[in-house]
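**Q** Just need the structure, nothing else, for what follows:
(2 chains)
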Amino acid sequence: MLFNSIQYAIFLPIVVALFWVIPQRFRVYLLLAASYIFYMSWRPIYIFLIIGLTVFNYFLGLAIANSQTRKKFWLTISVVGNLATLAYYKYAFFLDETIASAAKPFGITFPKIPFDIILPLGISFFVFEFIHYVVDVYRGGQPVKSFPGFALFASFFPTQIAGPIKRYQDFVPQFLAVPKWSMSHFDDGVALILLGLFKKVLIADNLTFFVQGGFAHPKLFTGVDLWIFAYAFAFQIYFDFSGYTDVARGSAALFGYKVPINFNLPYLANNIANFWHRWHISLSTWLRDYLYIPLGGSRCGRWLNYRNLFLTMALGGLWHGAAMHFLLWGVFHGVALVVHKEFQRLTEGFKAFTAVIASKPGNILSVLFTFHVVCIGWVLFRAETTEIAMTMLNKMFFLEAATKGADAFKLTLAAINYPLIYPSIFLILPLLALTHVVMGYLNKTQLVAKAPVPLKVAYCVVMMFLVLAFSPDKSPRFIYFQF
Amino acid sequence: MSIHKPLSYVLIALTALVLLDVSARLAWNYLPIDHYNSPNRSWVWWAIKDFRQQQQAPDVVLLGSSLMMNALHGGDSTHYNRPENAAFHHRSYYFEELQKQKYGKDVRTFAFAIGGQMASDAYVLSSRLLIGDKKPKTIVYGIAPRDFMDNTLASPASTETFRYVGRIRDLSDEEWEARKGFWERVEHVLSKVSFLYQKRLDFVYMQHQVMKQALTALGQKNMDVTKAPFELRGIAFIQLPEDTGPSDLCFTPYNEKEAKYADNLDQYRYRYLPFKPKIYHTQLSYLEKLMKFAHDDGIEMVLVNMPITKDNMDIMPANFYDIYKKDVLALVSKYNAKIIDLNDQQRFPKNYFEDSVHLNGLGAVNFFDTLSEKFVVNTQLAGSHNAPTFR
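**A** Sure thing, here's the model as predicted:
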C-alpha cells in the first residue's frame, strides 16, 4: 500500500477515525492491527517475519535488562539474530555472487542459491530499530514492558516501510500515554501529508523519467548533460524521500504522535559532514550511535578515527542495497568525510583562510562545492551498474575531451524536446534549487508557523487541487521502499 | 490551532475545495476548453482528430488493431509507392480504388485501425462516434484472436482508446462493467465524486501548454515535432502514456531487399498464455455489443478474420482458435452479419509478413486485393444471406 495510492487515501482516514472514537485502552491494539494489515497488503506471509522478530527482540530485551551476568550474551544473540535475518534476505545473493566471482579465477565453481529470496519491505528499517532497542537496553535503558507497545514501535505503519528510524525512548511513551484530540494534530498532519504528496507526485515523479534517460543511456550524452542528470537525480531523490517522510510524519501526527524529522535542507550543507547532519538524519544518527561510536568514534587516534568514519560510511552504503555501486557510494562518502576532516585539520592554523571560508561568498562556494561532491556520490548511487557509473563519471570529469575535443563540453540535451520534461528541466532545476533557499529563509524566520489562517487555507486548497488534478494514473514507487 | 480554537484551516480548505469542485462542474461546459485536447497524442487521438474534420460520413469504416493498421498503411504505401504518415493517413485509397474499379462508383473509407485495439475499443469507438451524420454504411472490422485474449490488458477500461473516448463521450453505461478490479472501481467512483479528479487530464494538458509556451518564448522551436534519440523514445514508449508526434511513424513501400522478418512469438506467448476465459468472454461480449449496435442502427457489419502465420497459431492455447471461430460465427449468424476469412496460409504465405502477425507491404496489397474481391459494398442483403461460414 503506497502512501500515494487510493488504498492509503481510504485506509488512513478509517484508521484515524476509529482511533479517536474507540475507548483509549484499545487504541494501541487498533494501531497494531492496522499496521499488520498495512504490512500484509504487500505479501501477507511476511507478517510472520515482523511478528517473529518482534517477539524475539521483546524477550531478549527483557533478558538483557534482567540478567546480572549474561547481558552481553543476550545482546550478542539479539544483534546476531537481527543481522542474520537481514543478511539472509538482503545480502545472500550478493554474497553468493561475490564469492562465486572471486572463486572463479581459481577454477572453483561456487554453487548458486537454488531458490528465490524476496526482500521483505522495510526490513532494513525495523531491523535497525530492533538493534537500537537491545543495545540501548544493554547500555542501561529501561526495557519496554508492554508487548503491544513494543510491537507497535517496530510496526507502526506510517514509518514501517522507509522510516524515519525511530528511538524507542521517544516513541513508546507516546503510545503508552493517552493522546488527546487536538485540531492542531489534524491540521498539522494533513498539511504535512499534502506537502509530502506534492513533493512526490508533482516533483519527484516528473523527474523520474528524465533521470532514467540519462542513467540508462549515458553514452548518448556529454559530460555537461550528465551533470544535469546528476543534479536532477539529486532533487528527485530528495523530494521523493523527504516527501515520503512528510507523509509518514503527517500520518503519525493525525494520531497525535511525533516522528523525528529526516531532512533539513541537505543541499544547503557547506561541507560533507554537515550534509550528513541534514540528510536522512535518523539513519546518520543511528550509524553514529550504533556503529561509529562502538568502533571508537573520534575518541581515538587520528588514523583510527578515519578508519571508523570510512567503515561506518561503507557499511551505511551497503545498508542501502546489496550491490557494488551502493558499497562504492558509501566508500565515496567515507573518503569524502576523511578528506574533509583532514582538510579541516590542515587549515586550522590558517586564520585568514578559515575566515574566507566562513564569509558569505565563501559559504556560497562551499555549498556549491558540497552539492557537486554529493552529486558525484549520487551517480554511484543511482547507476544500475558500476560500469554505467564509471562511464558517467568519466564524461562528467570531461576525460573524453582528449578524444572528442570541444564536443565533450557541448550541451546536447537542449536539442531534445520529447518528453516535455527534457526541455522543461532547464526551467525546473533552478526553481528546485530556489526552493532550498526559500525554505531556508522561511525556517529561519519562522514565517510558516506564524502564517495567518487565510494563507494556510490558501496553501491547503492549492496543494489539495494540485495533488488531485495532477495525480498520475501510475506513480512510481518511493525510491527508499527498495531498501 | 489548539482545541480551544476549533476552527481548522484544513477543514476550511476542504470546504473551499468542494466549492471549487462544484463550481468547476457547473462551469466546465461554458469554459473555452476544447474537450478533445489531450496531453498525449495517441493513435486514437490522431484518428479522432482527423475524423472530426471529415465533411461527410464515410461509406466504409475500417476497424482493427495493428494488423489492420499495417495493412492500411503498408497497402497504400506499397501500391502508390510513397511513404504514408501513420498520424495523418486514415483512408485506404487503394481499397477505394479497387471498389471504384469493381462498382464504378466512389466509396469513401475512414480507418480507425489502432494498434492494440480490442473488441471493447472497437465497440466504444463505433457506438460513440459512428452515429448521426457520421454514420457509415458499412463497418469492416478486421479481427484476430489477440483482440479477444490479451494478458497485457488489465481491463477493457485500461486502454488508451477507452480512456480517450471516455473523455469526449459519455461512457457511463460501460464504465462500471469495463472496470474489473475492486480498486479500479473505487478509482472510478472517486472520479465521479470529484470533478477536478475526473478532469485531471485536461489540467495536465493545460500545464503542458503553459510549459510549451514558456519554452517557445525561451527559444525552443516547433515543440510539436518530436526531437529525441531513439533510446529515449523507447523508455517513453514503455513508461509514459502513448504519445506520437506528427512525424514519428512513416510506412515506406515494400522493398524486397530491405524486408526483414522479426520473431515476436515470445510477446504473443505472453499475450495468449495462460488462457484467461474471463478476458476472452468479456471481449467477446463487446463484439456482440458492437454487432448489435450495427444491426440496430442499420450499419452493415463485415468481420474480416485477419491473416496470421501458422507459427502464431501454433502458440495459441489448445483449441483456442477453434473456440474463437465457433463463437464468432455464432455472433455473425445471430446478427445477420458477414464474415470474410482471410486467414489462409496459401493466400498469405510467410513472405507476406514482417513478423508472426503483421503483414508487410506486399501482404498488405494482397490483403486489399483479396478483401476487395470478396467484399460487396453495402448490398443491403443483410436478411437474405445464408448461414455464415469461414470461407
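**Q** And the residue nearest the centre of chain A?
**A** By CA atoms, centre = their mean, chain A has its centre lying nearest to A:H280, at 4.8 Å.
**Q** In terms of pLDDT, where does residue 127 sit?
**A** By default, I'm working from chain A. pLDDT recorded at A:V127 is 95.
**Q** um, chain B though
**A** On the pLDDT scale, B:S127 gets 96.
**Q** if we can go back for a sec, could you tell me which residues make contact with the residue nearest to the centre of chain A?
**A** When contacts are counted by CB atoms under 8 Å, 6 or more residues apart in numbering or on different chains, A:H280 touches A:163, A:241, A:262-263. Any C-beta I mention is one placed from the backbone N, CA and C, and that applies to glycine too.
**Q** ok, now how distant is it from A:I123?
**A** Here A:H280 is placed at a distance of 17 Å from A:I123 (CB to CB, to the nearest Å).
**Q** Double-check that B:V302 belongs to a strand.
**A** Yes - counting by DSSP: H, G, I helix; E, B strand; the rest coil, one finds B:V302 located in a strand.
**Q** Does whichever helix or strand A:T403 is part of pack against any helices or strands, and if so which?
**A** Here A:T403 sits within helix A:401-404, counting by DSSP states H and E. Helices and strands touching helix A:401-404, by 3 or more CB pairs under 8 Å, 6 or more residues apart in numbering or on different chains; DSSP states H and E: there are none.
**Q** quick one on the thing from earlier: which of the contacts of A:H280 lies closest to chain B?
**A** Using CB to the nearest CB, A:F241 comes nearest to chain B of the contacts of A:H280, at 20.7 Å.
**Q** Let me know the pLDDT of that closest one.
**A** Reported pLDDT for A:F241: 94.
**Q** Name the next helix or strand following whichever strand or helix holds it along the chain.
**A** Assigned by DSSP H and E, A:F241 falls within helix A:223-254. For helix A:223-254, the succeeding helix or strand toward the C-terminus, using DSSP H and E, is helix A:272-278.
**Q** Quick one: residues in contact with that following helix.
**A** With CB under 8 Å, 6+ apart as the test, helix A:272-278 has contacts from A:263-266, A:268-269, A:284, A:333, A:336-337, A:340-341, A:370, A:373-374.
**Q** List the buried residues in that helix.
**A** A:272-276, A:278 (16 or more other CB atoms under 10 Å in any protein chain shown).
**Q** Pull the CA coordinates from that helix and hand them back as PDB.
**A** Backbone C-alpha positions of helix A:272-278 (Å, rounded to 0.1, in the frame of the first residue of the first chain) are rendered in PDB as follows:
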ATOM      1  CA  ILE A 272      30.100  16.900   3.600                       C
ATOM      2  CA  ALA A 273      29.900  16.400   7.400                       C
ATOM      3  CA  ASN A 274      27.300  19.000   7.500                       C
ATOM      4  CA  PHE A 275      25.400  17.200   4.700                       C
ATOM      5  CA  TRP A 276      25.200  14.100   6.800                       C
ATOM      6  CA  HIS A 277      23.700  16.200   9.700                       C
ATOM      7  CA  ARG A 278      21.000  17.200   7.200                       C
END
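**Q** tell me which of the buried residues of helix A:272-278 is nearest to A:F115?
**A** For the buried residues of helix A:272-278, the closest approach to A:F115 (CB to CB) belongs to A:W276, at 37.6 Å.
**Q** Quick check, pLDDT for the closest one.
**A** Looking at A:W276, its pLDDT stands at 97.
**Q** Quick check: it vs A:A314, distance?
**A** Between A:W276 and A:A314 the distance is 14 Å, computed by CB to CB.
**Q** Among the contacts of A:H280, which one sits closest to B:W176?
**A** Distances from B:W176 to the contacts of A:H280, taken by CB to CB, are shortest for A:F241, at 37.9 Å.
**Q** Near the residue of chain B found nearest chain A, how many other residues are there?
**A** When distances are taken as CB to the nearest CB, chain B reaches nearest to chain A at B:A13, 3.3 Å away. When neighbours are counted by other CB atoms under 10 Å in any protein chain shown, B:A13 registers 24.
**Q** sorry, back to before: pull the distance from the helix holding A:T403 to the chain's centre.
**A** 38 Å (CA atoms, centre = their mean, to the nearest Å).
**Q** Now do the same for that helix: mean pLDDT, whole number.
**A** Averaging pLDDT along helix A:401-404 gives 81.
**Q** List the contacts of that helix.
**A** With CB under 8 Å, 6+ apart as the contact definition, helix A:401-404 has outside contacts at A:408-409.
**Q** who are the neighbours of the helix or strand just after it, in terms of helices and strands?
**A** For helix A:401-404, the following helix or strand on the C-terminal side (DSSP H and E) is helix A:421-445. Other elements packing on helix A:421-445 under the criterion 3+ CB pairs under 8 Å, 6+ apart are helix A:205-216, helix A:223-254, helix B:200-217.
**Q** out of those helices, deepest packed?
**A** For the helices and strands packed on helix A:421-445, the largest average neighbour count (mean count of other CB atoms under 10 Å in any protein chain shown) is found in helix A:223-254, namely a mean of 24.
**Q** Could you tell me how far stretch A:104-115 lies from the centre of the chain?
**A** How far stretch A:104-115 lies from its chain's middle: 34 Å, per CA atoms, centre = their mean.
**Q** now do the same end-to-end measure for that stretch.
**A** End-to-end distance for stretch A:104-115: 21 Å, by CA to CA, to the nearest Å.
**Q** same check, this time on stretch A:105-120
**A** End-to-end for stretch A:105-120, by CA to CA: 34 Å.
**Q** Then stretch A:115-129?
**A** Across stretch A:115-129, first to last residue, CA to CA, it's 29 Å.
**Q** Most neighbours among the contacts of helix A:272-278, which one is it?
**A** A:H333 (26 neighbours).
**Q** Would you indicate which residues of the helix or strand where that residue lies are buried?
**A** Taking DSSP H and E as the criterion, A:H333 maps to helix A:324-347. Residues of helix A:324-347 classed as buried by neighbour count (16+ other CB under 10 Å): A:324-338, A:340-341.
**Q** Which residue ranges of chain B form strands?
**A** Using DSSP state E, the strands found in chain B span residues B:60-64, B:84-85, B:109-113, B:138-143, B:250-251, B:300-305, B:338-341.
**Q** Return the per-residue confidence for the closest residue in space to B:P229 that isn't next to it in sequence.
**A** Nearest residue to B:P229 in three dimensions, chain neighbours excluded: A:L220, at 5.3 Å (CB to CB, 6 or more residues apart in numbering or on different chains). The model reports A:L220 with a pLDDT of 94.
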